[in-house]
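Student: here's my sequence, what's the structure:
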Amino acid sequence: MFRDLELSLSAHLSERRRSEKLAAFALEKITEAKIANGRDGELARHRQIVDGREGAALTSVKPEGVIVARFDLLREVLDWIGDMLVKSSPTASGRYAKSHVLYVDGEPFSGEGPLPDGKVYSFSNVQPYARRIEYGWSPKAPDGVFEAVATVAARKFGNVAKIKFGFFPLVGAAQLDKWADKTGAKPGRRKLKAAALDEWRRRQPTIFVRPY
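Tutor: This next block holds a predicted model:
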């Protein structure tokens, strides 16, 4: 937030000059933040609020006004992961690429509107064969999809969130539920009780994102 900012805006300066100085100082600091938080040569995105007006020009600030720059770095991380999952997906029918879902604390999020607050954000795929693809079943993704994307994301955004790959049982995904209720698939020679077996059948490759 930029408010007066100890700029020594002397009383003898006109209101116009004070506004210009405040806007120039804010532009300098916002630019520094965009560069510091950018990735791969791209500047970080931000929302700009001037005297309570989102998107207003910095130069429209009042002499004693307030400029706020909000950097939604978490949304940038999630957008990047979502895009990379789609780009890395095998495209035989397109169903797999369209079945990646973002969850916020276990609840699916469509991506529309403001990002809900949460402790854990996660990406999973609701297709029953997602686990087979992760193990190299598709020649178009011999190294899988989720773990590879998670590895790159962890390096790229390690200062924003803790990003890890794992498997997690999904409940409430229609395609997966239908398959899990009918399949006779079992985990090799291991013997599991009914509840544990049902959970195993619903375990899907998942990327976990825990913001700092």
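
Student: how about the CA coordinates for the lengthiest helix in the chain, as CSV?
Tutor: Ranked by residue count, the top helix of the chain under DSSP state H comes out as helix 15-36. The C-alpha coordinates for helix 15-36 follow below in CSV (Å, rounded to 0.1, in the frame of the first residue of the first chain):
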residue,chain,number,x,y,z
GLU,A,15,-1.8,19.1,-5.2
ARG,A,16,-1.0,18.1,-8.7
ARG,A,17,2.7,17.7,-8.0
ARG,A,18,2.0,15.7,-4.8
SER,A,19,-0.3,13.4,-6.9
GLU,A,20,2.4,13.0,-9.5
LYS,A,21,5.1,12.2,-6.9
LEU,A,22,2.9,9.6,-5.2
ALA,A,23,2.0,8.0,-8.6
ALA,A,24,5.7,7.9,-9.7
PHE,A,25,6.8,6.3,-6.4
ALA,A,26,4.0,3.7,-6.6
LEU,A,27,4.9,2.9,-10.2
GLU,A,28,8.6,2.4,-9.3
LYS,A,29,7.7,0.0,-6.4
ILE,A,30,5.1,-1.9,-8.4
THR,A,31,7.5,-2.4,-11.3
GLU,A,32,10.1,-3.8,-8.8
ALA,A,33,7.6,-6.2,-7.4
LYS,A,34,6.5,-7.4,-10.8
ILE,A,35,10.1,-8.1,-11.8
ALA,A,36,10.9,-9.8,-8.5
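
Student: which parts of this protein are helices?
Tutor: 15-36, 73-87, 130-134, 146-156, 174-182, 194-201.

Student: could I get the ones you listed as a markdown table with mean pLDDT and mean neighbour count?
Tutor: For every residue, glycine as well, the C-beta is placed using N, CA and C. Output for these, formatted as a markdown table (pLDDT from 0 to 100; neighbours: other Cβ atoms under 10 Å):
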| stretch | mean pLDDT | mean neighbour count |
| --- | --- | --- |
| helix 15-36 | 87 | 15 |
| helix 73-87 | 94 | 18 |
| helix 130-134 | 95 | 20 |
| helix 146-156 | 97 | 18 |
| helix 174-182 | 82 | 15 |
| helix 194-201 | 84 | 14 |
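
Student: for the ones you listed, which one sits closest to Phe167?
Tutor: Judged by Cβ to Cβ, the one of the helices of the chain that comes nearest to Phe167 is helix 130-134, at 7.4 Å.

Student: and that closest one, what does it pack onto?
Tutor: Judged by 3 or more Cβ pairs under 8 Å, 6 or more residues apart in numbering; DSSP states H and E, helix 130-134 is in contact with strand 203-211.

Student: quick one on the thing from earlier: other SSEs contacting the longest helix of the chain?
Tutor: strand 67-70.

Student: can you give me the buried ones in the strand it packs on?
Tutor: 67-69 (16 or more other Cβ atoms under 10 Å).

Student: between the residues you listed, which sits nearest Arg189?
Tutor: So of the buried residues of strand 67-70, ranked by how close each gets to Arg189 (Cβ to Cβ), first place is Ala69, at 57.9 Å.
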